[in-house]
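Trainee: Make a model of this:
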Amino acid sequence: MGVPLSKIGYAGTKDKHAVTYQYVTVPQQYKLPERIGMSYFKFEGYLRDRITIGDLEGNNFEVTSPNPKRILSFIQNPRIVTVSPS
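Mentor: Alright, predicted model coming up:
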């Protein structure tokens, strides 16, 4: 791709163990590939300025679990949970 890392903009960090979607900005003079490794890119449009940390207005989550009763229990009794990557 040849884009200097300092020119790529993004609004937040992602969980490397999750399937996520994120907007990124790349200067117009660089061609955006459709895929790099496990990352896929889709052109959405142009912006005047690059996206930076803090531009994110909110998050949406979809939780998939092999144990739906455990998720339902958590929703009914929310608490702070710390998860360590395996």
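Trainee: Now do the helices in this structure.
Mentor: Per DSSP state H, the chain carries helices over the ranges 68-76.
Trainee: Residue nearest the middle of it, spatially speaking?
Mentor: residue 22 (3.7 Å; CA atoms, centre = their mean).
Trainee: which regions of this protein sit below the pLDDT cut-off?
Mentor: 1, 78-86 (pLDDT under 70).
Trainee: now with 80?
Mentor: Flagging of the chain using pLDDT under 80 yields the residue ranges 1, 12-21, 32-33, 54, 56-86.
Trainee: which residues of it fall in strands?
Mentor: 9-10, 24-25, 35-36, 39-40 (DSSP state E).
Trainee: I'd like those strands written out as TSV, with mean neighbour count and distance to residue 18 added.
Mentor: C-beta here means a position set from N, CA and C on the backbone, and glycine is covered the same way. Converted to TSV, those look like this (neighbours: other CB atoms under 10 Å; distance: least, CB to CB, whole Å):
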stretch	mean neighbour count	distance to residue 18
strand 9-10	16	16
strand 24-25	16	17
strand 35-36	9	18
strand 39-40	10	13
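Trainee: need those strands in a markdown table with distance to residue 74, can you?
Mentor: Output for the strands of the chain, formatted as a markdown table (distance: least, CB to CB, whole Å):
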| stretch | distance to residue 74 |
| --- | --- |
| strand 9-10 | 29 |
| strand 24-25 | 31 |
| strand 35-36 | 35 |
| strand 39-40 | 30 |
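Trainee: my read: the residue nearest to the centre of the chain touches residue 11, true?
Mentor: Yes: if you go by CB atoms under 8 Å, residue 22 and residue 11 touch, sitting 7.2 Å apart.
Trainee: before we move on, back to that, for the residue nearest to the centre of the chain, give me its contacts.
Mentor: 10-12, 14 (CB atoms under 8 Å, 6 or more residues apart in numbering).
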